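>>> how would this look folded up:
(2 chains)
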Amino acid sequence: MRHIIRYLALVILSFTGFSQEVENEASVIHDFELELETEYRFFYKDPLFNEQKNHFPALAIRPKYTIEWNEGYESITAEGFFRFDVDNERTHWDIRELYYQKVKGNWELSAGLKKIYWGVTESNHLVDIINQTDAVERFDGEQKLGQPMLQYSLNTNFGTFDVFYLPYHRRRTFAGSKGRLRFPVIIAKDEVDYESGAEEWRQDFALRYSHSFDIIDLGISHFYGNGREPLFTFDSLGNINAFYPVIHQTGLDLQITHNAFLWKLESIYRSSNAQDFFALTGGFEFTISNIKNSGIDVGLISEYLFDDRDELALNALQNDIFFGSRIAFNDIQDTSILIGGISDLESGSNIFSIEASRRIGSSWKAELEARIFSNISNEEFILSNFKNDSFLRFTMVKFF
Amino acid sequence: MKYTVLVLIALFTIGTQAQTAEERGLEIAKAAEQADLGFISSTVNLKMTLKNKNGQTSERSLTTRTLELIEDGDKSLIVFNSPKDVKGTSTLTFTHKVGPDDQWLYLPSIKRVKRISSNNKSGPFVGSEFAYEDLSSQEVEKYTYKFLESNGTLITIEQDPVDPKSGYTRRLVTYNKDKGYRIEKVDFYDRKNALLKTLTYSGYKLYKNKFWRASTFNMVNHQSNKETLLNFSDYNFNANLTEDDFSQNALKRAGK
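Predicted structure coming up:
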């Protein structure tokens, strides 16, 4: 009799979905985060072009919301970005991420706007191609716009296979008239054309195979679609004409981790109707850790950069060498400093940089960045426009 | 026949008596490993409190997942929840019984997974008094052993790290024989063989009738007078994690 009652109770519970609901309620996890940033950029040399300013106070807001259920194997992630700056073009907003993800065993499916990072080197990011660069946001090119995609990832014993369907291309934004780090002509983002008749709605694809075994981390990728970097051409009157070519890009990234040495290589071959080229970045990072039991780690980084595009390489790194040092204090405030310099072996142009950060209290962070353009040759197609654009950047971020 | 058995017993007894301190030490380390075998996978939340010599504190919170492997060392995934500027920063570690561990770091701000060197064993973990090697999976093969003393149910073993990159010459580890060889205390001696730190475990609870887990680890640095407290909560041995929860994709998801 008692058994029957218990059975009935179970049936009723499952029928009403009561037990199910209780379980679900317990396992749905919401999380909201907010970052507020104040920023001040100071360009200490007089501008090269009319209207350009020296002082750029700015604000940024980064809200983020995630919801997870099904033991975390299903989720929705949303991250917004708003920037308010003196330069009208740098005042912008973006949906960095807004995607649904489902995980089952060894596969994963993501649908929506997402950010994907590929690559291993520090001074340049050749292989990374899925997302458009948020070029007005930071000088290092590491800030990206959310890319609409359908991504399927399969993880096996012999590596991970990723397939990307990219239904929409996002244009790159360039600095406005008041902004620094620009050309004499203002490039309006919507005036940059496409080689493809489908324009931004060209349906693009990418594949990646990656595998980590023993001391080796290897990635091989291929992208076919609208290029992320616009190509610049000049007509007979000297006007700049910029367009996004349809490209094939095959990429290789390789890291060998051997004791305190990280050996790194990134290489791409990009082909389009207008231009074919090869580029590579390779080098090492060597870390001397816990120096004299102080807890301080000092990393030494050296990378060689090659790009066989002639002066049209948008990143101006044709035959350059990078030296840098990363100092991590491993203290309670997570203080770290990255100092580096990139030098053109042919023209002698240099860019020196410092990036430092430190937590203050438990919910603030201070950052300092400096980029110094030195001895920039007038023959540098891109960099010669930036030769007076050395700057200091201070930020203070509050985390909620 | 009876005679043979007697001889065997006699030999066995002599054998036991002749056991060296090294053999006995190794035997206890193996017994401790054996006692903790079969947990398969676990998750736990961790609050880390760092105290400087003036008593000022700073906190971090983390979640750790562990997958037990028998043939090779365990796999673990650590996710930072606070301080908020490092929220989502995660590490994936494949420990190996022999040779260096494999380790990847996930940086959520740029969604980058970075393979890092596991060479830095003696350095501090996020500014705490715990070195990386104190928190990595403790595999029998990583030390040589010497039995020192036994006092009631407590047994103290000297453990000398095999890896020359270790920050220690030796560790004195006190096991509790009657409580599944759980560790009660560890004294760490630096490279100059001076007492550097003492780690004490407290608030032990028995999970699944087999696995002893302490709720508090207290690491005191005798040379700097700094201290780090680890408080573990919500131990879960029923998560049924698999290798797929310890892939680089899983690392990116964890720090999402």
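>>> neighbours around B:F39, how many?
16 (other Cβ atoms under 10 Å in any protein chain shown). No exception for glycine: its C-beta is placed from N, CA and C like everyone else's.
>>> that one contacts B:R213, doesn't it?
No: in this structure B:F39 lies outside contact range of B:R213 using Cβ atoms under 8 Å: 9.2 Å.
>>> kindly report the residues of the stretch 1-150 of chain A close to chain B.
A:33, A:66, A:72, A:75, A:77, A:101, A:103, A:105-106, A:108, A:115-117, A:119-120, A:142-144 (Cβ under 8 Å from any Cβ of the partner chain).
>>> buried among these? Make that a ChimeraX selection.
Under the burial definition 16 or more other Cβ atoms under 10 Å in any protein chain shown, those of these that qualify are selected in ChimeraX by:
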select /A:66,72,75,77,101,103,106,108,115,116,117,119,120,142,143,144
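>>> what about the residues of the stretch 1-150 of chain A next to chain B, which are in strands?
The strands, defined by DSSP state E, take in A:33, A:66, A:75, A:77, A:101, A:103, A:108 from the residues of the stretch 1-150 of chain A next to chain B.
>>> looking at those, which one is closest to A:L338?
Closest approach to A:L338 among these (Cβ to Cβ): A:E33, at 25.1 Å.
>>> do you know how far the closest one is from A:L305?
Counting by Cβ to Cβ, to the nearest Å, the gap between A:E33 and A:L305 amounts to 36 Å.
>>> kindly report the same for B:Y181.
Applying Cβ to Cβ to B:Y181 and A:L305 gives a distance of 55 Å.
>>> so which bits of stretch A:293-305 are buried?
In stretch A:293-305, counting by 16+ other Cβ under 10 Å, buried: A:295-297, A:299, A:301-303, A:305.
>>> max pairwise distance over these: which two?
Using Cβ to Cβ, the two most remote members of the buried residues of stretch A:293-305 are A:G295 and A:L305, lying 32.4 Å apart.
>>> neighbours around the residue of the stretch 301-400 of chain A found nearest chain B, how many?
Of all residues in the stretch 301-400 of chain A, the one sitting closest to chain B is A:F399 (3.6 Å; Cβ to the nearest Cβ). By other Cβ under 10 Å, 20 other residues sit near A:F399.
>>> so what sits opposite it in the bridge?
A:E35 (DSSP bridges).
>>> so it sits right up against B:K84, yeah?
Yes: contact status for A:F399 versus B:K84: in contact at 3.6 Å, counting by Cβ under 8 Å.
>>> chain A contacts on chain B?
Going by Cβ under 8 Å from any Cβ, the residues of chain B near chain A are B:50, B:52, B:58-59, B:82-87, B:100, B:102, B:104, B:110-117, B:119-120, B:122-124, B:126-127, B:167, B:190, B:242, B:244, B:247-249, B:253, B:256.
>>> 7 Å - rerun?
B:50, B:58, B:83-87, B:110-112, B:115, B:117, B:119-120, B:122-124, B:127, B:244, B:247-249, B:253, B:256 (Cβ under 7 Å from any Cβ of the partner chain).
>>> in helices only, show me the residues you listed.
Judged by DSSP state H, these include B:248-249, B:253 as members of helices.
>>> possible to save those as a markdown table with neighbour count, distance to A:N388 and pLDDT?
As requested, those are exported to a markdown table (neighbours: other Cβ atoms under 10 Å in any protein chain shown; distance: Cβ to Cβ, whole Å; pLDDT from 0 to 100):
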| residue | neighbour count | distance to A:N388 | pLDDT |
| --- | --- | --- | --- |
| B:Q248 | 18 | 43 | 95 |
| B:N249 | 20 | 45 | 95 |
| B:R253 | 23 | 45 | 94 |
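>>> so which of those comes closest to chain A?
For those, the nearest to chain A is B:N249 (5.5 Å; Cβ to the nearest Cβ).
>>> next up, phi/psi of B:A29, please.
For B:A29, the backbone dihedrals are phi -60, psi -40 (criterion: degrees, to the nearest 10).
>>> my read: it touches B:F147, true?
No: under the criterion of Cβ atoms under 7 Å, B:A29 is not in contact with B:F147, lying 9.9 Å apart.
>>> neighbour count for these two, which is higher?
Set B:A29 next to B:F147 and count neighbours by other Cβ under 10 Å: B:A29 wins out with 24 against 20.
>>> separation between the more buried one and B:Y168?
16 Å.
>>> ditto for A:L338
Applying Cβ to Cβ, the value for A:L338 to B:Y168 is 31 Å.
>>> could you do A:I351 as well?
43 Å.
>>> repeat for A:S374
Relative to B:Y168, A:S374 is positioned 46 Å away (Cβ to Cβ).
>>> mind listing the strands for the stretch 151-256 of chain B?
B:154-161, B:168-176, B:182-190, B:195-202, B:205-207, B:211-213, B:216-221, B:227-236 (DSSP state E, counting those that start in this stretch).
>>> columns mean pLDDT and mean neighbour count on top of the ones you listed, output as JSON lines?
Conversion of the strands of the stretch 151-256 of chain B to JSON lines gives the following (pLDDT from 0 to 100; neighbours: other Cβ atoms under 10 Å in any protein chain shown):
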{"stretch": "strand B:154-161", "mean pLDDT": "94", "mean neighbour count": "19"}
{"stretch": "strand B:168-176", "mean pLDDT": "95", "mean neighbour count": "20"}
{"stretch": "strand B:182-190", "mean pLDDT": "95", "mean neighbour count": "19"}
{"stretch": "strand B:195-202", "mean pLDDT": "96", "mean neighbour count": "18"}
{"stretch": "strand B:205-207", "mean pLDDT": "92", "mean neighbour count": "12"}
{"stretch": "strand B:211-213", "mean pLDDT": "92", "mean neighbour count": "18"}
{"stretch": "strand B:216-221", "mean pLDDT": "96", "mean neighbour count": "18"}
{"stretch": "strand B:227-236", "mean pLDDT": "94", "mean neighbour count": "16"}
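>>> so residue 80: helix, strand or coil?
I'll assume chain A. Here A:G80 takes the strand state, with states given by DSSP: H, G, I helix; E, B strand; the rest coil.
>>> now do it: how many residues are near it, please.
Residues within reach of A:G80, counting by other Cβ under 10 Å, total 17.
>>> surely it touches A:H92?
No: between A:G80 and A:H92 there is no contact under Cβ under 7 Å: 11.7 Å.
>>> quick check, central residue of chain A?
Nearest to the mean C-alpha position of chain A, by Cα atoms, centre = their mean, lies A:E142 at 3.3 Å.
>>> okay, the closest residue to that residue other than its chain neighbours: pLDDT?
Excluding its sequence neighbours, the residue lying closest to A:E142 (Cβ to Cβ, 6 or more residues apart in numbering or on different chains) is B:I110, at 5.0 Å. As predicted, B:I110 sits at a pLDDT of 93.
>>> swap in B:F125?
At B:F125, pLDDT is 88.
>>> how near is it to A:G295?
Relative to A:G295, and taking Cβ to Cβ, B:F125 is found at 10 Å.
>>> give the contact list for residue 195.
No chain specified, so I'll use chain A. Neighbour list for A:E195: A:243-246, A:273 [criterion: Cβ atoms under 7 Å, 6 or more residues apart in numbering or on different chains].
>>> please refer instead to chain B.
B:187, B:189, B:222.
>>> what about the nearest residue to the last one once chain neighbours are set aside, distance to chain A?
If I follow you right, that is B:H222. In space, and not counting its chain neighbours, B:H222 is closest to B:L195: 5.6 Å by Cβ to Cβ, 6+ apart. Counting by Cβ to the nearest Cβ, to the nearest Å, the gap from B:L195 to chain A is 14 Å.
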